[in-house]
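A.B. asks: Quick one, fold the following:
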Amino acid sequence: MSRLGVFLLSLLWTLMAQALPTLQASVDRTRVEAGESLELTLESQDVTQFGKPDLSALEGDFEVRGTRQLNSLHTLDGETRASTRWIITLLPRRSGSLRIPELQLGQSRSQAIDLQVMQADPSRADSASQVFIEATLDTQEVYVQAQAVLTLRIYHSVSLYDDSNLSPLQLDNAKVEPLGESRTYEKEINGVRHGVIETRYALYPQQSGSLDVPSLTFTATAADTAQQPAGSSRVGRQVQVRSLPLRLTVRPIPPAWPANAPWLPARSLSLEEHWSPDPASQQPQIGDSLTRRVTLRAEGLSSTQLPQLPATEIAGLRRYPDQPLLRNEISERGMTANREEREALVPVHSGALALPSLEVTWWNTREDHLEHSSLPARTLNVQDNPALSAQAPVGDSSGTPSLLWPWQLATLLLALTTLLGFGLWWRARSQPAVLRAAHSGPSPRTLLDDLKRACQANDPQATRQALDAWARQQPQTLAEMAARFVPLSDALDGLNGALYSESGQYWQGEDLWRAIGTIPPAEQVELPVSEGGSLPPLYPK
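C.D. replies: Take a look at the predicted model:
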């Protein structure tokens, strides 16, 4: 018992340690120049913690310039949560690889963050001016439609009013995408502290040759540092600076690129596949809905440049695609594009269904060569669904000899029921015709009205229930009616798409109701005529 008690105590201690709230740490950028400041953000959602984080571990490699605290409330899934953030301005004391260590608040500890502090450029132009602007490109040469990052930094050693303005960047032969909002920090140049306003753009040249980036104009009002009389209004001087123009060399599509593939120049590209449920762990059955999500991720491209992925067109597998989800992620290297395509796949017969491999061809701009990213082929082993089986198997396929007496008993019962039916038919010849008893359930007219109301309400779930109830009172099954009437088959495919799609589709029931109302009557099957003439009527007059 003592060992069990120690084990339970250790397990409880582990669970309590895992349940302790964590202190989340993040920085506005991980690459800075010597003399530049950065912002460290610490966030805690533990309302039981009081006080401030212990920043003593930062004193070795960083100078803490300032700290401000923000308290906020936000609602997630109907639950209101409180959070506290501390925004800490740090100035690295040296260049090279630095690490922001783990910081502690009560029992919570943040994760460590690695930084790269580069040497400052001593030959910076106009560094003696109070306000100057600097424009740089992350590369001097790119392929057509590939990404180049333009960075504009406005340095000011005097205070600026909030009327600053930067002229818009307009290029005739390139697409321009802003990389997030402008960010501000501090940088020390030749012993003078400067404020920095940084703005970045992603450029995508649309034709080969050279791309000229024009100079941009920054206009602001600088505060006058002279002594102002008491009670007088603030005065300032107008400041206007311009950046130097830049030129970017744009290379054409290389000859090694295949002519039938869409041009995709990226720093990296990956394909990911997710299934729900996973067919590898749970074998699907006929009629099951499998959701397949394929994500294409490319660094150095915009989401609008990503091509549509090949559709899953497999015999025996019905496909109901959703609208693709496009999004862009912004990082220090620029933009990363994401395209997610989701589809519902419904097997319609059993057996092995082979899904081919999925391949995307792209050009690696980092290593300058052709590459292929692919998803491997997959086989779906679809099992029979007992709930959808039309009839049971006739014999035993295992080869085991079956007993004879069940067949003999079935033959005897069939003969007795045949004789009984013939006797009732002979007796009915001498009886007057009677009306068939009314059904205990709803009338066909009521079921048709229910189906009409569900179609007009555009409700796929209610329509499916009303359709099944109506079809049970018809002389033919729903599948037989759809097989001989194409508009009904198309309308049923649209209804199944709305039912099986994971994200849901806006379904219109007008086509299904129109198809129900125009179903042609089934062809009459003529009974064979005996040698003595036609069969006698069932109810003679």
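A.B. asks: contacting residues around A259?
C.D. replies: Shown in contact with A259 (C-beta atoms under 8 Å, 6 or more residues apart in numbering): no residues. Yep, even glycine has a C-beta here, placed from its N, CA and C like the rest.
A.B. asks: beta partners of T221?
C.D. replies: Note on T221: beta-bridge partners Q238, judged by DSSP bridges.
A.B. asks: Assumed W407 was part of a helix.
C.D. replies: Yes: counting by DSSP: H, G, I helix; E, B strand; the rest coil, W407 is part of a helix.
A.B. asks: what about it, how many neighbours?
C.D. replies: 10 (other C-beta atoms under 10 Å).
A.B. asks: same deal with V144?
C.D. replies: When neighbours are defined as other C-beta under 10 Å, V144 has 19 of them.
A.B. asks: One more: S489?
C.D. replies: With other C-beta under 10 Å as criterion, S489 counts 14.
A.B. asks: cool, and the one 4 residues further on?
C.D. replies: By other C-beta under 10 Å, the residues close to D493 number 12.
A.B. asks: and it, helix, strand or coil?
C.D. replies: Recorded secondary structure, D493: helix (three-state DSSP).
A.B. asks: now it, nearest residue through space, not along the chain?
C.D. replies: In space, not counting the residues next to it along the chain, D493 is nearest to R318; the distance is 7.8 Å by C-beta to C-beta, 6 or more residues apart in numbering.
A.B. asks: Before we move on, what's the pLDDT of the one you found?
C.D. replies: In this model, R318 is scored at 90, pLDDT.
A.B. asks: Then P432?
C.D. replies: Predicted confidence (pLDDT) at P432: the value is 58.
A.B. asks: Please apply the same query to the one 10 residues further on.
C.D. replies: In the predicted model, P442 carries a pLDDT score of 73.
A.B. asks: quick one: contacts for L358?
C.D. replies: L358 sits next to L271, E273, V294, L309, P310, S374, L375 when contact means C-beta under 8 Å, 6+ apart.
A.B. asks: Show the low-confidence segments of the protein, by residue range.
C.D. replies: For the chain, applying pLDDT under 70 flags the ranges 1-21, 47-49, 74-78, 120-128, 224-236, 388-405, 430-441, 501-505, 523-541.
A.B. asks: domain assignment for it?
C.D. replies: Per automatic domain parsing, the structural domains of the chain span 21-118, 131-222+237-251, 265-386, 444-517.
A.B. asks: Is G497 located within a helix, as I assumed?
C.D. replies: Yes: under three-state DSSP, G497 sits within a helix.
A.B. asks: How many residues are close by it?
C.D. replies: 18.
A.B. asks: got the phi/psi numbers for L419?
C.D. replies: Torsion angles at L419 (phi, psi; degrees, to the nearest 10) stand at phi -60, psi -40.
A.B. asks: Specify the beta-bridge partners of the residue nearest to D493.
C.D. replies: V346.
A.B. asks: Pretty sure L345 is one of the things it touches, is it not?
C.D. replies: Yes: with contact defined as C-beta atoms under 8 Å, R318 counts as touching L345 (7.2 Å).
A.B. asks: Weed out the non-buried ones from the contacts of L358.
C.D. replies: V294, L309, L375 (16 or more other C-beta atoms under 10 Å).
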